[in-house]
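S.K.: please find the sequence and the predicted model below.
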Amino acid sequence: MVKLIDVHCHLTGEEYLSVGGIEEVLSRAKGAGVERMICSGFDLASSRIAMELSDRFEEVYFCAGFHPSELGKYQEGDLDEIAKLCAHEKCVAVGEIGLDYHFDDNPEREVQRELFIRQLELANQLGLPVVLHSRDAAQETLELLKAHKHLLANGGLMHCYSYSAEMMQEFISLGLHFSFGGPSTFKNARKVQECVERIPAHLLLSETDCPYLTPVPYRGVFPNEPKNVKYVVENMARLRVEEEEALAKRIFENAKTLFFKLK
Ligand SMILES: [Zn+2]
């Protein structure tokens, strides 16, 4: 069976109770060949639950951090707690962190920028890579990262990359990796598919970002699960005209290169 990895998923929510609970979700993932999953924190509580999952299940690793849309909950001192979680042997990155200018009621841009930079600093201090979330903020994210390039010494992942192929070149020059999920399988996603086709093989990773963004052929089904990363990889192989097993192997190696704590 093809050995797969889901480098960005959210397994900490309650939506999985309706589909048999986390044990069932992980057993379906195993059945689909998914050998490793990186469960992403998005605030302090979810980062802690992600750590607990990694303690319970060999195949689960995690990252810890504050998502830009969740900063309304942020309290002084929370980053110290995040830093403690990062010391865990299965915490592979600080994330997900970044900028999200999509909704008008998102936290103020100045607050987002400040906490983004502080978390980049934290990752740099800890010697860890970062997992980046950027939505409707391509230029601002690029400029901020360029201005703080020294903080990216341990690499980073643009997760669920959705900007243009031209922009991708700019992020590549910052030494970043890229992962693609369900949207790369959608019919109307030509822009993302162009990125999947053009990206150098050593920078490509696979994800689901579950519970959202379920790939074709289950688009629209909720909740999405790590098992569905197989459809993402299948489709990436088709787009790149590559053999699926070889591509999956390459992706696994790429994940281990970026997330060096991953075993
Ligand atoms: Zn996410």
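M.R.: Cool, the structure landed. Since we're looking at a predicted model, the values are computed, not measured.

S.K.: near the ion, which residues of the protein are found?
M.R.: Applying C-beta under 5 Å from the ion, one finds that the chain approaches the ion through 40, 209. To be clear about C-beta, it is placed using only N, CA and C from the backbone, and glycine gets the same treatment.

S.K.: chain center to stretch 8-21: distance?
M.R.: 16 Å (C-alpha atoms, centre = their mean, to the nearest Å).

S.K.: could you find the closest non-adjacent residue to whatever residue of the stretch 101-250 of the chain ends up closest to the ion?
M.R.: The minimum distance from the stretch 101-250 of the chain to the ion, using C-beta to the ion, falls at Asp209 (4.9 Å). Once flanking residues are discounted, Asp209 sits nearest to Gly181: 4.7 Å by C-beta to C-beta, 6 or more residues apart in numbering.

S.K.: three-state assignment of Thr257?
M.R.: On the three-state scheme (DSSP: H, G, I helix; E, B strand; the rest coil), Thr257 is labelled helix.

S.K.: that one - nearest residue in space that isn't next to it in sequence?
M.R.: His202 (7.7 Å).

S.K.: residue ranges for the strands of this protein, please.
M.R.: Along the chain, counting by DSSP state E, strands occupy 4-9, 34-40, 60-64, 91-100, 130-135, 156-158, 177-180, 204-206.

S.K.: now those strands in JSON lines, with mean pLDDT and mean neighbour count?
M.R.: Output for the strands of the chain, formatted as JSON lines (pLDDT from 0 to 100; neighbours: other C-beta atoms under 10 Å):
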{"stretch": "strand 4-9", "mean pLDDT": "98", "mean neighbour count": "28"}
{"stretch": "strand 34-40", "mean pLDDT": "98", "mean neighbour count": "25"}
{"stretch": "strand 60-64", "mean pLDDT": "98", "mean neighbour count": "29"}
{"stretch": "strand 91-100", "mean pLDDT": "98", "mean neighbour count": "28"}
{"stretch": "strand 130-135", "mean pLDDT": "98", "mean neighbour count": "26"}
{"stretch": "strand 156-158", "mean pLDDT": "98", "mean neighbour count": "29"}
{"stretch": "strand 177-180", "mean pLDDT": "98", "mean neighbour count": "27"}
{"stretch": "strand 204-206", "mean pLDDT": "98", "mean neighbour count": "25"}
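
S.K.: how about these in CSV, adding distance to Glu108?
M.R.: What follows is these, written out as CSV (distance: least, C-beta to C-beta, whole Å):
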stretch, distance to Glu108
strand 4-9, 26
strand 34-40, 23
strand 60-64, 23
strand 91-100, 11
strand 130-135, 16
strand 156-158, 23
strand 177-180, 28
strand 204-206, 31
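
S.K.: how much space separates Cys195 from Glu114?
M.R.: Separation of Cys195 from Glu114 (C-beta to C-beta, to the nearest Å) stands at 29 Å.

S.K.: tell me which of those two has more neighbours.
M.R.: Between Cys195 and Glu114, counted using other C-beta atoms under 10 Å, Cys195 has the larger neighbour count: 23 against 12.
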